[in-house]
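# When you get a sec, could you give me coordinates for this:
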Amino acid sequence: MASRDPVADLRRIAFLLERANEATYRVKAFRSAATAVAALDEGELTDRAEAGTLAKVPGIGEVTARCVTESLAGEEPVYLRRMESTAGVDLGGAAAGLRAALRGDCHAHSDWSDGGSPIEEMALAAVELGHEYLVLTDHSPTLTVARGLPPARLRRQLDHVARVNDALPEGFRILTGIEVDILPDGSLDQEEALLARLDVVVGSVHSKLRDEGPRMTRRMLTAIANPHLDILGHMTGRKVAAAGVGDKGHRAGRTRPPSAFDLDKVIAACLEYDKAIEINCRPDRLDPPKRMLTVAVEAGCLFSIDTDAHAPGQLDWLGYGCERAALCGVPVDAVVNAWPMGRLLEWTGSHK
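As a prediction, this is how the structure comes out:
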């Protein structure tokens, strides 16, 4: 297959990024790479692409090197294909399409922890929204401020969910789960035998969010490698101003900067262990930030678009996450809660 023009491809990507009003540093990365590639003679360019050493050339990074290699192979770079697929697309329409594809919500709380409503009310609200399933993810015991569930209470909740499921409309099911704390050493805050019984495990950092980057990175990598964890919840822990958004344990208007960690290593671990990154829909979280979400999309990660609802009406917040996902070009098949329930459970079961 004849090669494409890598310089033209890099410049086209930069143009599309500019048109989308993306961050200047991202545009500059592609324009700088185009300049660096143009300065290389054809032989050196081909040799470096074959040897995998393009990223050692000043002005060329790992992402842009991958684009050049794909272009030289006669393939439209994946990055360019993603940008072209969203260029000129009505983001409102794309977000609506994503929302319509979602079959459930993998992160929701009840009054068994810090939510405001009984499990039954949360389930019926999900039914009214057209969900096929709702994963109940109340907190784990260490998060005492949120009335996290120690093992005995979690066992009682599992029995209760089984009874509730028997009374719910046919075609809908509450899936058992937990939002388990990722402890400072990276371990998960619940008995392993109980975690193994759950359908879906969301793991989140709630403490020592200002830890230094290397320590936080080790903590997250250890958790991602744990076979019981399926979804990395609100990965940066940030809070953004969202006037009017508040509920038990979530004060409106409170802000918090994102935690520091090595994003590339965390993404690599999610890919290695087949884990999903949550796109948290809460207006006071919107986590991860767009720049991080874009990097994860480019890497080929899986995602779960979740409301983190603490009340029935908040289950309708999925649109906020779908807007961000559409803006960053998240493919619908990479969203685990757009999958049928059987496929979702097969995926989570493969981790144990």
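# what packs against the strand ranked longest in the chain?
Across the chain, the longest stretch assigned as strand under DSSP state E is strand 173-181. Secondary-structure packing of strand 173-181 (3 or more CB pairs under 8 Å, 6 or more residues apart in numbering; DSSP states H and E): strand 104-108, strand 133-136, helix 151-167, helix 192-197, strand 200-204, helix 341-349. (C-beta placed from N, C-alpha, C; glycine too.)
# looking at these, which is buried most?
Highest mean neighbour count among the helices and strands packed on strand 173-181 (mean count of other CB atoms under 10 Å): strand 104-108, with a mean of 29.
# Contacts made by that one with the rest, please.
115, 122, 126, 131-137, 175, 177, 179, 200, 202, 231, 233, 278, 280, 304, 306-310, 315, 318, 336-337, 341, 344 (CB atoms under 8 Å, 6 or more residues apart in numbering).
# After that strand, which helix or strand is next?
helix 119-128 (DSSP states H and E).
# any idea of the mean pLDDT in that next one?
Helix 119-128 comes out with an average pLDDT of 95.
# List the buried residues in that helix.
Ile119, Met122, Ala123, Leu124, Ala125, Ala126 (16 or more other CB atoms under 10 Å).
# Give the full set of residues in contact with the second one.
In this case it means Met122. Met122 touches Ala108, Ser110, Gly115, Leu134, Leu136, Ala309, Pro312, Leu315, counting by CB under 8 Å, 6+ apart.
# do you know how far it is from Leu10?
48 Å (CB to CB, to the nearest Å).
# Show the contacting residues for the closest residue to Pro169 other than its chain neighbours.
In this structure, Pro169 finds its nearest non-sequential neighbour in Val127, 5.7 Å apart by CB to CB, 6 or more residues apart in numbering. Counting by CB under 8 Å, 6+ apart, Val127 touches Leu168, Pro169, Phe172.
# Got a ChimeraX select line for the buried ones in the residues you listed?
In ChimeraX syntax, the buried subset of the contacts of Val127 is picked out as below (16+ other CB under 10 Å):
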select :168,172
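# what angle separates the longest strand of the chain from helix 341-349?
Interaxial angle of strand 173-181 relative to helix 341-349 (axes from the mean of the first three to the mean of the last three CA atoms, to 10 degrees): 30 degrees.
# Reformat the helices and strands packed on strand 173-181 as a markdown table; add distance to Ala241 and mean pLDDT.
Converted to a markdown table, those look like this (distance: least, CB to CB, whole Å; pLDDT from 0 to 100):
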| stretch | distance to Ala241 | mean pLDDT |
| --- | --- | --- |
| strand 104-108 | 22 | 98 |
| strand 133-136 | 28 | 98 |
| helix 151-167 | 34 | 97 |
| helix 192-197 | 35 | 97 |
| strand 200-204 | 21 | 98 |
| helix 341-349 | 33 | 98 |
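# The helix or strand where Ala8 lies packs against which elements?
According to DSSP H and E, Ala8 maps onto helix 6-19. Applying 3+ CB pairs under 8 Å, 6+ apart, one finds that helix 6-19 makes contact with helix 24-39, helix 62-72, helix 78-86.
# Can you mark which positions in it are buried?
Pro6, Val7, Asp9, Leu10, Arg11, Arg12, Ile13, Ala14, Leu16, Leu17.
# which residues sit in contact with the closest residue to the first one other than its chain neighbours?
Of all residues beyond its chain neighbours, the one nearest Pro6 is Ser71 (3.9 Å), with distances taken as CB to CB, 6+ apart. Under the criterion of CB under 8 Å, 6+ apart, the contact partners of Ser71 comprise Ser3, Arg4, Asp5, Pro6, Asp9, Pro77.
# and Arg291, how many residues sit next to it?
13 (other CB atoms under 10 Å).
# Can you verify my assumption that Tyr339 contacts Trp347?
That one is not Tyr; residue 339 is Trp. Yes - under the criterion of CB atoms under 8 Å, Trp339 makes contact with Trp347 at 7.3 Å.
# Strands along the stretch 151-300 of the chain, start to end?
173-181, 200-204, 231-232, 276-280 (DSSP state E, counting those that start in this stretch).
# thought Gly313 was touching Ala125?
Yes - the criterion here is CB under 8 Å, and Gly313 meets it with Ala125 at 7.3 Å.
# Tell me the helices and strands packed up against the worst-scoring helix or strand of the chain on mean pLDDT.
In the chain, no helix or strand scores lower on mean pLDDT, DSSP states H and E than helix 78-86, which sits at a mean of 83. Applying 3+ CB pairs under 8 Å, 6+ apart, we find helix 78-86 packed against helix 6-19, helix 62-72, helix 290-299.
# Next secondary structure after it?
helix 91-101.
# on that earlier part again, so which of the contacts of Ser71 comes closest to Pro184?
Pro77 (40.4 Å; CB to CB).
# Distance-wise, check that closest one relative to Ala299.
For Pro77 relative to Ala299 (CB to CB), the value is 14 Å.
# Spell out the secondary structure type for Ser304.
strand (DSSP: H, G, I helix; E, B strand; the rest coil).
# can you count the residues close to Arg81?
Arg81: 12 neighbours (other CB under 10 Å).
# Apologies, that question was intended for Thr35.
Residues near Thr35, counting by other CB under 10 Å: 14.
# got a list of what it touches?
Thr35 neighbours (CB under 8 Å, 6+ apart): Gly59.
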